[in-house]
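Enquirer: just need the structure, nothing else, for what follows:
(chains A and B)
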Amino acid sequence: MFLNQTTHWLTQAFEKVYGLTTDPKQLLLSPTKKEFEGDFTIVVFPFVKELKISPEAIGEAIGTFMKENDADIIDFNVVKGFLNMTYSDDFWIRIAKNIPIGSYGTFPKNGKKVMVEFSSPNTNKPLHLGHIRNILLGWSCTKIFEANGYEVIKTQIINDRGIAICKSMLAWKIFANGNTPSSTSIKGDHFVGEYYVRFEKEFKLEYEGFQYTDMGIAVFEKNKKEGQDFDSFFKEYKNTYFNTYSQLGAEAKQMLLDWEAGDPNTIELWKQMNQWVYSGFDTTYNTLGVTFDKVYYESDTYLLGKDAVQYGLTKNVFYKKEDESIWVDLTDVGMDHKIVQRSDGTSVYMTQDLGTAMMRYKDFQVDNMVYTVADEQDYHFQVLFEILKRLGEPYADGLYHLSYGMVELPQGKMKSREGTVVDADDLIAEVIAEAQNNTIERGEVAEMSIEEQNATVKKIGLGALKYFMIKVQPKKRMIFDPKESVDLQGQTGPYIQNAYVRIKSILRKNDSTASNFDKYLSLQPQEKVLMQLVMEYPNVISQACKDYDPSSVANFAYSLAKEFHKFYHDVRILGAESEEAKSFRLHLCNIISDILQRSMATLGIEMPERM
RNA sequence: GGCCCCGUAGCUCAGCUGGAUAGAGCAACUCACUUCUAAUGAGUAGGUCUCAGGUUCGAAUCCUGACGGGGUCACCA
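Expert: Below you'll find the model as predicted:
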């Protein structure tokens, strides 16, 4: 948008010199690489074929025209097919003056409404590392949408029902002796999680005991596959055992039936345990700085979708088999047959999701819905979106699965059975403690009040953790090394925070109020590089939205911080060689601190004023 | 096996709507704090961009195929 004038003159140049009408896409300018002279570059290769003239000759002719006609361009050079143009200092100063500090890179309201779903935990366990990636992605996505002019509704669907929570409930009933989170001083979600683990432990004991009973041995002999040994058989048989012989399994299943029947005692216990979990989640969300506008509960939605199924039948989107189960045939688009209602008339996961999507549209009339869910569910969402399209839902073209790769540890996948799951609260505490260790001896921080110190350390620790996770493209699998996540140097959140803090320190020390740099006519290369980055920022924000990709914002913020650090090192700001230079550099500092602060806010990362 | 995603420096990642000699950080080694915050900067070293074809003036980027890694193919969620 700052280069419209250049594009205009380039169009004129091709028109006047060669009588050629150009497509604006062919006239895209890019910042000139550091090794070459110039500020912005256009590639003339694409015109060679049409004009049957050498690239060098085209570059020379167009460059000459531009230098003569476009007042901004004071010089040019041609290297092979690249026309590098040098801009006047007036140009840079005009751009710098026109940056709207405070709102730069935010777009006007576009009248569209988008719902973004993220986090969506189960209520039987605390949040873990995988949830953190999900939450950070979803959250920054909402911020990116807002910057692009959307109205955003942040939501999560809580999986608050089912056999898992019944396991926790049962274990609590049997083993807790009436203990509660407050009586034990354990955070609610962890408290409930402990009973889930307890159930699994007790179940395992029961199962191992069963295997050597007469009945267990008989089951093995009857059901084993050809040549299968005892241990591998029972490894596979676990689920079947849970559903058939297990006493604990039977009790948990009975609890689920009681819940579905609305048994008051069961419902009361269920509500109580979920409440504990929610208060625990709230603490974690609060620490991470995320909020939701609307919460859906699976207990409210798990029966939804039956109307949709009936509607789909009448529209011949679905078909019924002889056993009364209902299916959809997606083979014509390279997918499969998929069940949408069981033969006993009950809903499956897909049905719930159909119903929930419809409910959300009814609630908010959104144009778009974004589902932040790990990539193991890629196929599920392909199917879901295809069905919604076939049902003719009005928002069907505005659906997006924000799919992300699993988080793995250096030693491999997280496995709850092996106790390698990284707990969200533990991790957060760890990064903050690490920030504390590295901060305590620094003079700046020592002067602060305790409250201010704590707030700063929290911003730094969380900044490190969040940046570490969000800088990776969503769809890529991620290796999470806890040691690296607390790094405060290099390409990290704190490095970017430090650039901001350095600016703030300068601005605090500045006592001159005059601001006039019209006559500053000796721009430094470091200043031009910074301005080139500044000019890109709105594109970064709009592209991140189109791509659903916060990592591009994270990488941009790093580039800007890096160039600022270099500028800071090479060029005096408060001690500049002239009043005009000082004034311009202070203005540039204001622009950069604004962009750093708001681009990082987009990622859910707060900036300290000192560190 | 079918389909989907990934493969870039020792490690973690950018670059991918085709453009100049493929970039950062970490780790290793040097150097720079009487100077606006050294959580910084400068430098050295590190690459058959998994491989093979193809398209193109030009390919890490697009197409095809192999190889390697992951995911998914339930009347589970």
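
Enquirer: dump the helix or strand encompassing residue A:206 to PDB, restricted to CA.
Expert: Assigned by DSSP states H and E, residue A:206 belongs to helix A:188-211. What follows is helix A:188-211, C-alpha atoms only, in PDB (Å, rounded to 0.1, in the frame of the first residue of the first chain):
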ATOM      1  CA  GLY A 188      -9.400 -29.300  41.600                       C
ATOM      2  CA  ASP A 189      -8.500 -30.700  38.200                       C
ATOM      3  CA  HIS A 190      -5.500 -32.400  39.600                       C
ATOM      4  CA  PHE A 191      -7.600 -33.800  42.400                       C
ATOM      5  CA  VAL A 192     -10.100 -35.400  40.100                       C
ATOM      6  CA  GLY A 193      -7.200 -36.500  37.800                       C
ATOM      7  CA  GLU A 194      -5.700 -38.400  40.700                       C
ATOM      8  CA  TYR A 195      -8.900 -40.500  41.000                       C
ATOM      9  CA  TYR A 196      -8.900 -41.200  37.300                       C
ATOM     10  CA  VAL A 197      -5.400 -42.600  37.700                       C
ATOM     11  CA  ARG A 198      -6.400 -44.400  40.800                       C
ATOM     12  CA  PHE A 199      -9.200 -46.100  38.900                       C
ATOM     13  CA  GLU A 200      -6.900 -47.200  36.100                       C
ATOM     14  CA  LYS A 201      -4.400 -48.600  38.700                       C
ATOM     15  CA  GLU A 202      -7.100 -50.500  40.600                       C
ATOM     16  CA  PHE A 203      -8.500 -51.800  37.300                       C
ATOM     17  CA  LYS A 204      -5.100 -53.000  36.200                       C
ATOM     18  CA  LEU A 205      -4.700 -54.900  39.500                       C
ATOM     19  CA  GLU A 206      -8.100 -56.500  39.100                       C
ATOM     20  CA  TYR A 207      -7.300 -57.400  35.500                       C
ATOM     21  CA  GLU A 208      -4.000 -59.000  36.300                       C
ATOM     22  CA  GLY A 209      -5.600 -61.000  39.000                       C
ATOM     23  CA  PHE A 210      -8.300 -62.200  36.600                       C
ATOM     24  CA  GLN A 211      -5.800 -63.500  34.100                       C
END
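
Enquirer: so which elements touch it?
Expert: Where contact means 3 or more CB pairs under 8 Å, 6 or more residues apart in numbering; DSSP states H and E, helix A:188-211 is packed against helix A:163-175, helix A:181-184, helix A:214-223, helix A:230-236, helix A:238-244, helix A:247-261, helix A:264-288. For glycine as for every other residue, the C-beta is placed from the backbone atoms N, C-alpha and C.

Enquirer: give the buried residues for it.
Expert: By neighbour count on 16 or more other CB atoms under 10 Å, the buried set for helix A:188-211 is A:188-199, A:202-203, A:206-207, A:210-211.

Enquirer: all strands of chain A, in order?
Expert: For chain A, the strands defined by DSSP state E occupy A:30-31, A:40-43, A:73-79, A:82-87, A:113-117, A:151-158, A:294-297, A:318-320, A:326-329, A:337-341, A:368-374, A:399-404, A:407-408, A:478-479.

Enquirer: okay, those strands, which one's buried deepest?
Expert: Comparing the strands of chain A by mean neighbour count (mean count of other CB atoms under 10 Å), strand A:113-117 comes out on top with a mean of 24.

Enquirer: that one to strand A:151-158, inter-axis angle?
Expert: Interaxial angle of strand A:113-117 relative to strand A:151-158 (axes from the mean of the first three to the mean of the last three CA atoms, to 10 degrees): 30 degrees.

Enquirer: any part of strand A:113-117 near RNA strand B?
Expert: No: against RNA strand B, strand A:113-117 shows no contacts by CB under 7 Å from any atom of the strand, the least distance being 14.0 Å.

Enquirer: OK, contacts around the most centrally placed residue in chain A?
Expert: Nearest to the mean C-alpha position of chain A, by CA atoms, centre = their mean, lies residue A:137 at 1.3 Å. With contacts defined as CB atoms under 8 Å, 6 or more residues apart in numbering, residue A:137 is in contact with A:118, A:372, A:402, A:404, A:470, A:474, A:550.

Enquirer: ok, those residues vs RNA strand B, which is closest?
Expert: residue A:474 (8.3 Å; CB to the nearest atom of the strand).

Enquirer: so the closest one makes contact with residue A:551?
Expert: Yes: with contact defined as CB atoms under 8 Å, residue A:474 reaches residue A:551; the gap is 6.9 Å.

Enquirer: per-residue pLDDT of the single nearest residue of the stretch 351-500 of chain A relative to RNA strand B, please?
Expert: The stretch 351-500 of chain A approaches RNA strand B most closely through residue A:490 (2.2 Å), counting by CB to the nearest atom of the strand. Looking at residue A:490, its pLDDT reads 95.

Enquirer: likewise for residue A:397?
Expert: Listed pLDDT for residue A:397 reads 94.

Enquirer: distance of it from residue A:388?
Expert: Distance, residue A:397 to residue A:388, using CB to CB, to the nearest Å: 10 Å.

Enquirer: and residue A:206, by the same measure?
Expert: Residue A:206 sits at a distance of 43 Å from residue A:388 (criterion: CB to CB).

Enquirer: again with residue A:46
Expert: Residue A:46 sits at a distance of 41 Å from residue A:388 (criterion: CB to CB).

Enquirer: what about the two, which has more around it?
Expert: Counted by other CB atoms under 10 Å, residue A:46 and residue A:388 do not tie: residue A:388 has more neighbours, with 22 against 16.

Enquirer: count the neighbours of the residue nearest to the more buried one when sequence neighbours are not counted for me.
Expert: By the measure of CB to CB, 6 or more residues apart in numbering, the closest residue to residue A:388 outside its immediate chain neighbours is residue A:396, 4.7 Å from it. Here the number of neighbours of residue A:396 (other CB under 10 Å) works out to 17.
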